[in-house]
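[1] Below are the sequence and a predicted model for it; my questions follow.
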Protein chains: 2
Amino acid sequence: MKLSYFASIEQADREALAGACVVVIDVLRASSTIVAALESGAERIIPIADVATACRLARPGERVAKILAGERRGLPVEGFDLGNSPLEFTPERVAGKTIVLTTTNGTRAITAAAKAERVVVCALTNVDAVAEAVRGAESLAVLCCGSEGSVAAEDLLCGGLFLDLLGDFGDRGALNDAARISHLLASRFGGEVETFLRECDHGRALASLGFGDDIAACAAVGTSRLVPALREGAIAR
Amino acid sequence: MKLSYFASIEQADREALAGACVVVIDVLRASSTIVAALESGAERIIPIADVATACRLARPGERVAKILAGERRGLPVEGFDLGNSPLEFTPERVAGKTIVLTTTNGTRAITAAAKAERVVVCALTNVDAVAEAVRGAESLAVLCCGSEGSVAAEDLLCGGLFLDLLGDFGDRGALNDAARISHLLASRFGGEVETFLRECDHGRALASLGFGDDIAACAAVGTSRLVPALREGAIAR
(Lines give C-alpha, C1' and ligand atoms only; values in the text may rest on other atoms or scores of the structure.)
Protein backbone atom coordinates (compact mmCIF):
# COMPACT_ATOMS: atom_id res chain seq x y z
CA MET A 1 0.00 0.00 0.00
CA LYS A 2 1.23 3.48 -0.90
CA LEU A 3 0.45 5.83 1.97
CA SER A 4 0.48 9.64 1.83
CA TYR A 5 -0.29 11.72 4.87
CA PHE A 6 -1.02 15.44 5.05
CA ALA A 7 -1.41 17.68 8.11
CA SER A 8 -3.49 20.38 6.40
CA ILE A 9 -5.28 21.01 3.13
CA GLU A 10 -2.59 23.49 2.12
CA GLN A 11 0.12 20.85 2.65
CA ALA A 12 -1.66 18.28 0.51
CA ASP A 13 -0.02 17.35 -2.76
CA ARG A 14 -2.83 17.39 -5.32
CA GLU A 15 -1.04 14.73 -7.39
CA ALA A 16 -0.86 12.37 -4.42
CA LEU A 17 -4.61 12.80 -3.93
CA ALA A 18 -5.46 12.12 -7.58
CA GLY A 19 -6.17 8.44 -8.08
CA ALA A 20 -5.87 7.61 -4.37
CA CYS A 21 -8.43 6.63 -1.79
CA VAL A 22 -8.54 9.84 0.25
CA VAL A 23 -9.55 9.74 3.91
CA VAL A 24 -10.74 13.23 4.88
CA ILE A 25 -10.49 14.04 8.58
CA ASP A 26 -12.09 17.13 10.12
CA VAL A 27 -13.00 16.07 13.64
CA LEU A 28 -14.24 19.51 14.78
CA ARG A 29 -16.66 19.36 13.13
CA ALA A 30 -17.42 18.68 9.46
CA SER A 31 -16.54 14.96 9.47
CA SER A 32 -18.41 14.37 12.72
CA THR A 33 -21.43 16.31 11.44
CA ILE A 34 -21.54 14.35 8.18
CA VAL A 35 -21.49 11.05 10.08
CA ALA A 36 -24.20 12.33 12.45
CA ALA A 37 -26.42 13.54 9.59
CA LEU A 38 -26.20 10.21 7.79
CA GLU A 39 -26.83 8.35 11.06
CA SER A 40 -29.99 10.47 11.40
CA GLY A 41 -31.15 9.29 7.99
CA ALA A 42 -30.12 12.17 5.74
CA GLU A 43 -30.21 10.91 2.16
CA ARG A 44 -27.17 12.74 0.89
CA ILE A 45 -24.89 15.64 1.67
CA ILE A 46 -23.55 17.90 -1.06
CA PRO A 47 -20.22 19.38 0.11
CA ILE A 48 -19.63 22.85 -1.28
CA ALA A 49 -16.52 24.96 -0.79
CA ASP A 50 -18.09 28.43 -0.76
CA VAL A 51 -21.18 30.07 0.71
CA ALA A 52 -22.49 31.66 -2.50
CA THR A 53 -22.50 28.39 -4.45
CA ALA A 54 -24.16 26.63 -1.52
CA CYS A 55 -26.90 29.26 -1.46
CA ARG A 56 -27.49 28.94 -5.20
CA LEU A 57 -27.75 25.16 -4.91
CA ALA A 58 -30.36 25.31 -2.18
CA ARG A 59 -32.55 28.16 -3.31
CA PRO A 60 -36.18 28.12 -2.26
CA GLY A 61 -38.92 27.06 -4.67
CA GLU A 62 -37.11 23.97 -5.96
CA ARG A 63 -39.09 20.80 -6.51
CA VAL A 64 -36.99 18.95 -3.95
CA ALA A 65 -36.17 21.24 -1.03
CA LYS A 66 -32.61 21.08 0.25
CA ILE A 67 -31.42 21.91 3.72
CA LEU A 68 -28.74 24.59 3.72
CA ALA A 69 -26.16 24.02 6.46
CA GLY A 70 -22.68 25.08 7.46
CA GLU A 71 -20.50 27.55 9.28
CA ARG A 72 -17.87 30.23 8.92
CA ARG A 73 -15.55 30.82 11.87
CA GLY A 74 -17.56 28.24 13.79
CA LEU A 75 -20.87 30.08 13.57
CA PRO A 76 -23.94 29.25 11.43
CA VAL A 77 -24.14 31.35 8.28
CA GLU A 78 -26.87 34.01 8.26
CA GLY A 79 -30.07 32.66 6.74
CA PHE A 80 -28.93 29.01 6.74
CA ASP A 81 -31.26 26.29 8.06
CA LEU A 82 -28.58 24.63 10.19
CA GLY A 83 -25.04 25.30 11.39
CA ASN A 84 -22.28 22.70 11.63
CA SER A 85 -23.10 21.16 14.99
CA PRO A 86 -23.60 17.37 14.86
CA LEU A 87 -26.26 17.71 17.57
CA GLU A 88 -28.48 19.78 15.26
CA PHE A 89 -28.73 17.04 12.66
CA THR A 90 -31.55 15.07 14.30
CA PRO A 91 -33.75 12.52 12.46
CA GLU A 92 -36.66 14.96 12.78
CA ARG A 93 -34.75 17.57 10.83
CA VAL A 94 -32.77 15.61 8.27
CA ALA A 95 -34.20 12.11 7.67
CA GLY A 96 -34.70 11.55 3.95
CA LYS A 97 -33.36 15.02 3.14
CA THR A 98 -30.61 16.37 0.92
CA ILE A 99 -28.24 18.70 2.75
CA VAL A 100 -26.02 21.31 1.13
CA LEU A 101 -23.07 21.77 3.49
CA THR A 102 -20.31 24.36 3.43
CA THR A 103 -17.70 24.63 6.19
CA THR A 104 -14.40 26.47 6.59
CA ASN A 105 -12.13 23.46 6.19
CA GLY A 106 -13.87 20.11 5.80
CA THR A 107 -15.92 20.70 2.67
CA ARG A 108 -12.97 22.53 1.11
CA ALA A 109 -10.87 19.37 1.65
CA ILE A 110 -13.52 17.15 0.09
CA THR A 111 -13.70 19.35 -2.99
CA ALA A 112 -9.86 19.54 -3.13
CA ALA A 113 -9.85 15.75 -3.42
CA ALA A 114 -12.17 15.86 -6.44
CA LYS A 115 -9.82 13.82 -8.63
CA ALA A 116 -9.40 11.04 -6.08
CA GLU A 117 -10.35 7.47 -6.92
CA ARG A 118 -12.48 7.44 -3.79
CA VAL A 119 -13.16 9.95 -0.99
CA VAL A 120 -14.31 8.78 2.43
CA VAL A 121 -15.15 10.92 5.43
CA CYS A 122 -13.51 9.98 8.72
CA ALA A 123 -14.36 11.27 12.18
CA LEU A 124 -13.45 9.82 15.55
CA THR A 125 -17.01 8.47 15.67
CA ASN A 126 -16.44 6.17 12.67
CA VAL A 127 -12.67 5.77 12.60
CA ASP A 128 -12.81 1.97 13.09
CA ALA A 129 -15.32 1.49 10.29
CA VAL A 130 -13.29 3.66 7.90
CA ALA A 131 -10.05 1.82 8.69
CA GLU A 132 -11.76 -1.51 7.92
CA ALA A 133 -13.33 -0.18 4.73
CA VAL A 134 -10.13 1.17 3.14
CA ARG A 135 -7.72 -1.53 4.31
CA GLY A 136 -7.36 -3.00 0.82
CA ALA A 137 -6.65 0.29 -1.00
CA GLU A 138 -3.58 0.31 -3.23
CA SER A 139 -2.94 4.00 -2.74
CA LEU A 140 -4.22 5.72 0.39
CA ALA A 141 -4.01 9.41 1.26
CA VAL A 142 -4.91 10.69 4.72
CA LEU A 143 -5.93 14.34 4.58
CA CYS A 144 -6.12 15.96 8.01
CA CYS A 145 -7.92 19.21 7.30
CA GLY A 146 -6.33 21.41 9.93
CA SER A 147 -7.60 24.90 10.45
CA GLU A 148 -7.14 27.50 7.73
CA GLY A 149 -3.62 26.31 6.93
CA SER A 150 -2.52 25.47 10.46
CA VAL A 151 -2.32 21.96 11.89
CA ALA A 152 -5.23 20.93 14.12
CA ALA A 153 -4.19 18.55 16.87
CA GLU A 154 -7.57 16.77 16.95
CA ASP A 155 -7.30 15.85 13.27
CA LEU A 156 -3.77 14.49 13.79
CA LEU A 157 -4.98 12.50 16.81
CA CYS A 158 -7.76 10.95 14.71
CA GLY A 159 -5.29 10.26 11.88
CA GLY A 160 -2.98 8.52 14.34
CA LEU A 161 -5.81 6.33 15.64
CA PHE A 162 -6.75 5.58 12.03
CA LEU A 163 -3.19 4.43 11.25
CA ASP A 164 -3.19 2.21 14.34
CA LEU A 165 -6.51 0.65 13.34
CA LEU A 166 -5.37 0.24 9.75
CA GLY A 167 -2.78 -2.21 10.98
CA ASP A 168 -0.16 -3.39 8.51
CA PHE A 169 0.34 -0.79 5.78
CA GLY A 170 3.94 -1.53 4.89
CA ASP A 171 7.05 0.21 6.13
CA ARG A 172 6.33 2.18 9.30
CA GLY A 173 9.85 3.59 9.10
CA ALA A 174 8.76 5.40 5.95
CA LEU A 175 6.00 7.38 7.70
CA ASN A 176 6.40 11.09 7.16
CA ASP A 177 6.74 13.63 9.95
CA ALA A 178 3.02 14.43 10.11
CA ALA A 179 2.11 10.73 10.34
CA ARG A 180 4.71 10.08 13.01
CA ILE A 181 3.49 13.04 15.06
CA SER A 182 -0.07 11.73 14.69
CA HIS A 183 0.99 8.30 15.82
CA LEU A 184 2.65 9.82 18.89
CA LEU A 185 -0.50 11.83 19.72
CA ALA A 186 -2.63 8.69 19.41
CA SER A 187 -0.36 6.66 21.72
CA ARG A 188 -0.25 9.43 24.30
CA PHE A 189 -3.84 10.74 24.18
CA GLY A 190 -5.88 7.94 22.57
CA GLY A 191 -7.22 6.99 26.01
CA GLU A 192 -8.43 10.50 26.88
CA VAL A 193 -9.86 11.77 23.65
CA GLU A 194 -12.56 14.03 25.04
CA THR A 195 -10.18 15.83 27.39
CA PHE A 196 -7.74 16.23 24.51
CA LEU A 197 -10.45 17.70 22.28
CA ARG A 198 -11.51 20.14 24.99
CA GLU A 199 -7.91 21.40 25.36
CA CYS A 200 -6.96 21.79 21.72
CA ASP A 201 -7.19 25.14 19.91
CA HIS A 202 -10.37 24.40 18.06
CA GLY A 203 -12.07 22.75 21.04
CA ARG A 204 -11.42 25.82 23.17
CA ALA A 205 -12.69 28.08 20.40
CA LEU A 206 -15.89 26.04 20.06
CA ALA A 207 -16.49 26.05 23.82
CA SER A 208 -16.11 29.83 23.88
CA LEU A 209 -18.72 30.08 21.08
CA GLY A 210 -21.14 27.99 23.15
CA PHE A 211 -20.60 24.67 21.36
CA GLY A 212 -19.08 22.82 24.31
CA ASP A 213 -21.64 20.02 24.00
CA ASP A 214 -20.49 19.27 20.47
CA ILE A 215 -17.13 18.14 21.77
CA ALA A 216 -18.46 15.09 23.62
CA ALA A 217 -20.40 14.12 20.50
CA CYS A 218 -17.29 14.45 18.33
CA ALA A 219 -15.18 12.51 20.85
CA ALA A 220 -17.39 9.39 20.89
CA VAL A 221 -14.83 7.07 19.26
CA GLY A 222 -16.19 4.21 17.18
CA THR A 223 -19.89 4.76 17.82
CA SER A 224 -20.87 4.67 14.15
CA ARG A 225 -20.33 1.96 11.54
CA LEU A 226 -21.00 4.31 8.63
CA VAL A 227 -18.39 5.04 5.98
CA PRO A 228 -19.64 8.17 4.19
CA ALA A 229 -18.30 8.22 0.64
CA LEU A 230 -18.40 10.81 -2.13
CA ARG A 231 -20.18 9.74 -5.33
CA GLU A 232 -21.01 12.12 -8.16
CA GLY A 233 -20.61 15.16 -5.98
CA ALA A 234 -22.67 13.95 -3.03
CA ILE A 235 -21.82 12.09 0.16
CA ALA A 236 -24.01 9.13 1.06
CA ARG A 237 -23.76 6.07 3.25
CA MET B 1 4.91 37.01 28.66
CA LYS B 2 2.81 36.81 25.50
CA LEU B 3 3.80 33.68 23.59
CA SER B 4 2.96 32.91 19.95
CA TYR B 5 4.05 29.67 18.36
CA PHE B 6 4.03 28.77 14.67
CA ALA B 7 4.71 25.42 12.99
CA SER B 8 5.68 26.83 9.60
CA ILE B 9 6.42 30.16 7.94
CA GLU B 10 3.10 29.99 6.09
CA GLN B 11 1.22 29.55 9.38
CA ALA B 12 2.89 32.56 10.98
CA ASP B 13 0.70 35.55 11.67
CA ARG B 14 2.72 38.55 10.47
CA GLU B 15 1.05 40.77 13.07
CA ALA B 16 2.10 38.48 15.89
CA LEU B 17 5.69 38.68 14.62
CA ALA B 18 5.70 42.48 14.38
CA GLY B 19 7.00 43.97 17.61
CA ALA B 20 7.82 40.58 19.14
CA CYS B 21 11.09 38.87 19.90
CA VAL B 22 11.06 36.20 17.19
CA VAL B 23 12.97 32.94 17.70
CA VAL B 24 13.61 31.45 14.26
CA ILE B 25 14.16 27.68 14.23
CA ASP B 26 15.43 25.83 11.16
CA VAL B 27 17.39 22.92 12.60
CA LEU B 28 18.15 21.26 9.23
CA ARG B 29 20.05 23.34 8.44
CA ALA B 30 19.98 27.15 8.23
CA SER B 31 19.91 27.86 11.98
CA SER B 32 22.63 25.28 12.66
CA THR B 33 24.77 26.65 9.83
CA ILE B 34 24.45 30.24 11.06
CA VAL B 35 25.55 29.19 14.56
CA ALA B 36 28.45 27.18 13.09
CA ALA B 37 29.58 30.05 10.85
CA LEU B 38 29.62 32.53 13.75
CA GLU B 39 31.40 29.97 15.97
CA SER B 40 34.03 29.78 13.22
CA GLY B 41 34.51 33.54 13.43
CA ALA B 42 32.38 34.79 10.54
CA GLU B 43 31.84 38.51 11.07
CA ARG B 44 28.28 38.69 9.85
CA ILE B 45 25.72 36.79 7.81
CA ILE B 46 23.31 38.57 5.51
CA PRO B 47 20.15 36.44 5.15
CA ILE B 48 18.53 36.83 1.75
CA ALA B 49 15.28 35.23 0.61
CA ASP B 50 16.09 34.70 -3.07
CA VAL B 51 19.06 33.54 -5.13
CA ALA B 52 19.16 36.48 -7.56
CA THR B 53 19.34 39.11 -4.83
CA ALA B 54 22.01 37.06 -3.02
CA CYS B 55 24.10 36.97 -6.21
CA ARG B 56 23.79 40.71 -6.74
CA LEU B 57 24.85 41.39 -3.15
CA ALA B 58 27.97 39.26 -3.44
CA ARG B 59 29.22 40.11 -6.90
CA PRO B 60 32.93 39.86 -7.60
CA GLY B 61 35.12 42.93 -7.71
CA GLU B 62 33.75 44.54 -4.57
CA ARG B 63 36.12 46.16 -2.15
CA VAL B 64 35.13 43.77 0.61
CA ALA B 65 34.60 40.30 -0.84
CA LYS B 66 31.59 38.41 0.46
CA ILE B 67 31.13 34.67 0.61
CA LEU B 68 28.07 33.51 -1.27
CA ALA B 69 26.42 30.52 0.42
CA GLY B 70 23.17 28.61 0.46
CA GLU B 71 21.05 25.85 -1.01
CA ARG B 72 17.94 25.05 -2.95
CA ARG B 73 16.35 21.63 -2.41
CA GLY B 74 19.27 20.80 -0.12
CA LEU B 75 21.99 21.26 -2.72
CA PRO B 76 24.52 24.10 -3.09
CA VAL B 77 23.49 26.65 -5.71
CA GLU B 78 25.55 26.59 -8.92
CA GLY B 79 28.46 29.01 -8.73
CA PHE B 80 28.11 29.64 -4.98
CA ASP B 81 31.20 29.50 -2.74
CA LEU B 82 29.55 27.31 -0.11
CA GLY B 83 26.35 25.30 0.37
CA ASN B 84 24.32 25.14 3.58
CA SER B 85 26.26 22.47 5.45
CA PRO B 86 27.46 23.59 8.90
CA LEU B 87 30.60 21.48 8.40
CA GLU B 88 31.70 23.62 5.45
CA PHE B 89 31.83 26.80 7.51
CA THR B 90 35.31 26.26 8.96
CA PRO B 91 37.44 29.05 10.49
CA GLU B 92 39.81 28.78 7.50
CA ARG B 93 36.98 29.62 5.15
CA VAL B 94 34.86 32.11 7.04
CA ALA B 95 36.76 33.79 9.90
CA GLY B 96 36.38 37.55 9.64
CA LYS B 97 34.23 37.25 6.54
CA THR B 98 30.79 38.49 5.55
CA ILE B 99 28.53 35.71 4.26
CA VAL B 100 25.50 36.19 2.05
CA LEU B 101 23.21 33.24 2.79
CA THR B 102 20.06 32.12 1.01
CA THR B 103 18.24 28.90 1.92
CA THR B 104 14.83 27.43 1.06
CA ASN B 105 13.18 28.06 4.42
CA GLY B 106 15.43 29.57 7.10
CA THR B 107 16.45 32.82 5.44
CA ARG B 108 12.89 33.28 4.17
CA ALA B 109 11.68 33.09 7.79
CA ILE B 110 14.25 35.62 8.94
CA THR B 111 13.20 38.08 6.26
CA ALA B 112 9.49 37.39 7.02
CA ALA B 113 10.18 38.56 10.57
CA ALA B 114 11.60 41.86 9.34
CA LYS B 115 9.24 43.96 11.48
CA ALA B 116 10.04 42.10 14.68
CA GLU B 117 11.46 43.93 17.66
CA ARG B 118 14.27 41.38 17.74
CA VAL B 119 15.10 38.29 15.70
CA VAL B 120 17.30 35.54 17.13
CA VAL B 121 18.41 32.35 15.44
CA CYS B 122 17.87 29.12 17.34
CA ALA B 123 19.29 25.70 16.54
CA LEU B 124 19.59 22.66 18.76
CA THR B 125 23.25 23.58 19.16
CA ASN B 126 22.44 26.86 20.94
CA VAL B 127 18.93 26.26 22.26
CA ASP B 128 19.95 26.71 25.94
CA ALA B 129 21.70 30.01 25.24
CA VAL B 130 18.74 31.35 23.26
CA ALA B 131 16.26 30.37 25.98
CA GLU B 132 18.34 32.24 28.56
CA ALA B 133 18.76 35.28 26.33
CA VAL B 134 15.07 35.82 25.56
CA ARG B 135 13.63 34.86 28.93
CA GLY B 136 12.69 38.45 29.79
CA ALA B 137 10.90 39.25 26.53
CA GLU B 138 7.44 40.74 26.88
CA SER B 139 6.19 39.27 23.61
CA LEU B 140 7.84 36.16 22.23
CA ALA B 141 7.10 34.41 18.93
CA VAL B 142 8.58 31.02 18.13
CA LEU B 143 8.77 30.48 14.37
CA CYS B 144 9.49 26.88 13.42
CA CYS B 145 10.35 27.17 9.73
CA GLY B 146 9.05 23.82 8.52
CA SER B 147 9.68 22.75 4.98
CA GLU B 148 8.03 24.63 2.13
CA GLY B 149 4.74 24.94 4.02
CA SER B 150 4.75 21.55 5.76
CA VAL B 151 5.64 20.98 9.38
CA ALA B 152 9.16 19.73 10.04
CA ALA B 153 9.37 17.45 13.07
CA GLU B 154 12.95 18.48 13.91
CA ASP B 155 11.95 22.15 14.18
CA LEU B 156 9.03 21.26 16.47
CA LEU B 157 11.34 19.10 18.60
CA CYS B 158 13.75 22.04 18.98
CA GLY B 159 10.83 24.38 19.74
CA GLY B 160 9.63 21.99 22.44
CA LEU B 161 13.08 21.85 24.02
CA PHE B 162 13.23 25.65 23.85
CA LEU B 163 9.89 25.94 25.72
CA ASP B 164 11.12 23.53 28.37
CA LEU B 165 14.32 25.52 28.83
CA LEU B 166 12.42 28.81 28.86
CA GLY B 167 10.76 27.66 32.08
CA ASP B 168 7.92 29.77 33.40
CA PHE B 169 6.22 31.65 30.56
CA GLY B 170 2.76 31.94 32.03
CA ASP B 171 -0.22 29.72 31.39
CA ARG B 172 0.86 26.37 29.90
CA GLY B 173 -2.80 25.51 29.42
CA ALA B 174 -2.96 28.31 26.86
CA LEU B 175 -0.31 26.74 24.60
CA ASN B 176 -1.58 26.30 21.09
CA ASP B 177 -1.71 22.96 19.26
CA ALA B 178 1.68 23.39 17.59
CA ALA B 179 3.35 24.23 20.90
CA ARG B 180 1.70 21.30 22.68
CA ILE B 181 2.78 18.91 19.93
CA SER B 182 6.32 20.32 20.20
CA HIS B 183 6.29 19.83 23.92
CA LEU B 184 5.20 16.22 23.47
CA LEU B 185 7.97 15.59 20.92
CA ALA B 186 10.55 17.07 23.29
CA SER B 187 9.40 14.89 26.22
CA ARG B 188 9.40 11.77 24.09
CA PHE B 189 12.47 12.30 21.90
CA GLY B 190 14.56 14.91 23.75
CA GLY B 191 16.89 12.15 24.93
CA GLU B 192 17.55 10.71 21.46
CA VAL B 193 17.84 13.78 19.30
CA GLU B 194 20.30 12.47 16.73
CA THR B 195 18.24 9.32 16.04
CA PHE B 196 15.14 11.48 15.74
CA LEU B 197 16.85 13.80 13.26
CA ARG B 198 18.03 10.85 11.17
CA GLU B 199 14.48 9.47 10.96
CA CYS B 200 12.57 12.65 10.18
CA ASP B 201 11.64 13.61 6.59
CA HIS B 202 14.33 16.20 6.16
CA GLY B 203 17.02 14.10 7.84
CA ARG B 204 16.33 11.21 5.47
CA ALA B 205 16.36 13.57 2.50
CA LEU B 206 19.71 15.03 3.57
CA ALA B 207 21.23 11.58 4.08
CA SER B 208 20.12 10.57 0.60
CA LEU B 209 21.83 13.69 -0.80
CA GLY B 210 25.08 12.71 0.94
CA PHE B 211 24.79 15.09 3.90
CA GLY B 212 24.46 12.41 6.58
CA ASP B 213 27.38 13.88 8.53
CA ASP B 214 25.56 17.18 8.90
CA ILE B 215 22.95 15.53 11.07
CA ALA B 216 25.28 14.76 13.95
CA ALA B 217 26.54 18.35 13.80
CA CYS B 218 22.97 19.71 13.90
CA ALA B 219 22.01 17.33 16.75
CA ALA B 220 24.74 18.48 19.15
CA VAL B 221 22.38 20.05 21.69
CA GLY B 222 23.71 22.99 23.69
CA THR B 223 27.28 22.99 22.35
CA SER B 224 27.29 26.71 21.51
CA ARG B 225 26.69 29.71 23.74
CA LEU B 226 26.10 32.06 20.82
CA VAL B 227 22.81 33.89 20.32
CA PRO B 228 22.89 35.08 16.70
CA ALA B 229 20.74 38.19 16.32
CA LEU B 230 19.60 40.22 13.35
CA ARG B 231 20.69 43.87 13.33
CA GLU B 232 20.27 46.18 10.36
CA GLY B 233 19.82 43.29 7.96
CA ALA B 234 22.77 41.21 9.13
CA ILE B 235 23.15 38.44 11.69
CA ALA B 236 26.03 38.74 14.11
CA ARG B 237 27.03 37.33 17.48
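    That came in fine, so what should we check first? Numbering: from 1, shown residues only, chains lettered A, B, ... in the order given.
[2] quick one: what helix or strand has the residue most central in space within chain A in it?
    Most central in chain A under Cα atoms, centre = their mean is A:S31, positioned 2.5 Å from the mean C-alpha point. Using DSSP states H and E, A:S31 maps to helix A:30-39.
[3] Need the residues that contact that helix.
    With contacts defined as Cβ atoms under 8 Å, 6 or more residues apart in numbering or on different chains, helix A:30-39 is touched by A:24-26, A:45, A:69, A:84-87, A:89, A:94, A:99, A:101, A:103, A:105-107, A:121-126, A:145, A:214, A:217-218, A:224, A:226, A:228, A:235-237. Quick note: C-beta positions are derived from backbone N, CA and C, even for glycine.
[4] Number of residues surrounding the closest residue to the residue nearest to the centre of chain A other than its chain neighbours?
    Nearest residue to A:S31 in three dimensions, chain neighbours excluded: A:A123, at 3.8 Å (Cβ to Cβ, 6 or more residues apart in numbering or on different chains). For A:A123, the tally of surrounding residues (other Cβ atoms under 10 Å in any protein chain shown) stands at 33.
[5] so who does A:A123 touch?
    Shown in contact with A:A123 (Cβ under 8 Å, 6+ apart): A:25-27, A:31-32, A:34-35, A:158, A:218, A:224.
[6] A:E15: neighbour count?
    10.
[7] Next, see if stretch A:182-190 gets close to chain B.
    Yes. Contact of stretch A:182-190 with chain B (Cβ under 8 Å from any Cβ of the partner chain) involves A:184-185, A:188.
[8] Pull out the buried positions in that stretch.
    Buried residues in stretch A:182-190, counted by 16 or more other Cβ atoms under 10 Å in any protein chain shown: A:182-186, A:189.
[9] Among these, which are located in helices?
    A:182-186, A:189 (DSSP state H).
[10] wait, which of the residues you listed is closest to chain B?
    Using Cβ to the nearest Cβ, A:L184 comes nearest to chain B of those, at 6.2 Å.
[11] I'd guessed the closest one sits against B:L185; true?
    Yes. At 7.0 Å, A:L184 and B:L185 qualify as touching, with contact defined as Cβ atoms under 8 Å.
[12] Within range of chain B, give me the residues from chain A.
    Counting by Cβ under 8 Å from any Cβ, chain A comes close to chain B at A:7, A:10-11, A:149-153, A:156, A:173, A:176-178, A:180-181, A:184-185, A:188, A:199-202.
[13] repeat that with 10 Å
    A:6-8, A:10-13, A:146-156, A:173-182, A:184-185, A:187-189, A:196, A:199-204 (Cβ under 10 Å from any Cβ of the partner chain).
[14] In PyMOL, select just the buried ones from the residues you listed.
    Filtering the residues of chain A next to chain B down to the buried ones (16+ other Cβ under 10 Å) takes a single PyMOL command:
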select buried, chain A and resi 6+7+8+10+11+12+146+147+150+151+152+153+154+155+156+175+176+177+178+179+180+181+182+184+185+189+196+199+200+201+202+203+204
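[15] Could you export the contacts of A:A123 as a markdown table, including pLDDT?
    Converted to a markdown table, those look like this (pLDDT from 0 to 100):
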| residue | pLDDT |
| --- | --- |
| A:I25 | 98 |
| A:D26 | 97 |
| A:V27 | 98 |
| A:S31 | 98 |
| A:S32 | 98 |
| A:I34 | 98 |
| A:V35 | 98 |
| A:C158 | 98 |
| A:C218 | 98 |
| A:S224 | 98 |
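[16] Pull the most distant pair out of these.
    A:D26 and A:S224 (15.3 Å; Cβ to Cβ).
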